[in-house]
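Asker: Predicted model follows, preceded by the sequence.
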Amino acid sequence: MSQVTITINSREYAVACEDGQEVNIIKLSRLLDEKAQLLTQGNQQVNENMLLAMIGLLLADELTELKKSISTGSVPTASTILQGYNDDDIAVLDTSLAEKIKELTGQINLLANQINLL
């Protein structure tokens with residue numbers, strides 16, 4: 001077992017994880033921290049338990065909507081998703097998307113290597 005320190009809303013947490021999962025845990029914690037920043041908008045006065053519950057609800061809502069989209073076959077098109085964004089926003093999205101694809105590629109390769117070890 002390994003231990004990694006993650007930061008959510010400027011608070012550090014020590015988290016135990018399986019060996020080799022440290023990077024994944026850190027990436028997931030960054031997602032939680034992004035949601036925390038959205039909810040607090042710089043206001044650090046939000047109750048920590050309430051904030052974590054709200055983050056969980058946001059992620060659960062996103063997951064539920066995604067599952068609904070997939071099950072009904074109504075996955076939005078790129079043009080629908082990008083409506084209302086200007087060129088600068090799209091450039092930022094492109095960079096962000098490229099980073100996410102790189103992360104996913106690494107995770108896929110890691111899983112493929114683990115499968116090959118079985």
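Answerer: Yep, it's here. All figures in this text were calculated on a predicted structure; none of them were measured in a lab.
Asker: Report the buried residues of the strand or helix carrying Ala60.
Answerer: Assigning secondary structure by DSSP states H and E places Ala60 in helix 48-72. Using 16 or more other CB atoms under 10 Å as the test for burial, helix 48-72 gives 51-52, 54-55. C-beta: built from backbone N, CA, C; applies to glycine.
Asker: Check stretch 20-35 too.
Answerer: Across stretch 20-35, burial judged by 16+ other CB under 10 Å covers 21-22, 24-25, 29, 32-33, 35.
Asker: Low-confidence stretches in this structure?
Answerer: Residue ranges of the chain with pLDDT under 70: 42-44, 74-84, 89-94, 117-118.
Asker: Swap in 90 and give it another go.
Answerer: Applying pLDDT under 90 to the chain flags the ranges 1, 9-11, 24, 31, 33-56, 58-118.
Asker: I'd like the domain boundaries of it, if you could list them.
Answerer: Domain segmentation of the chain under automatic domain parsing yields 1-75, 77-118.
Asker: Where is the longest helix in this protein?
Answerer: helix 87-117 (DSSP state H).
Asker: other SSEs contacting that helix?
Answerer: With contacts defined as 3 or more CB pairs under 8 Å, 6 or more residues apart in numbering; DSSP states H and E, helix 87-117 has no helix or strand neighbours.
Asker: What are the buried residues along it?
Answerer: Going by 16+ other CB under 10 Å, helix 87-117 has no buried residues at all.
Asker: which element is the spatially most central residue of the chain on?
Answerer: Residue closest to the mean C-alpha point of the chain, counted by CA atoms, centre = their mean, is Leu31 at 3.5 Å. Using DSSP H and E, Leu31 sits within helix 22-40.
Asker: what does that helix rub up against?
Answerer: 2, 4, 6-9, 13, 15, 17, 46, 51, 54-55, 58-59, 103, 107 (CB atoms under 8 Å, 6 or more residues apart in numbering).
Asker: go with 7 Å
Answerer: 2, 4, 6-9, 15, 17, 46, 51, 54-55, 58-59, 103, 107 (CB atoms under 7 Å, 6 or more residues apart in numbering).
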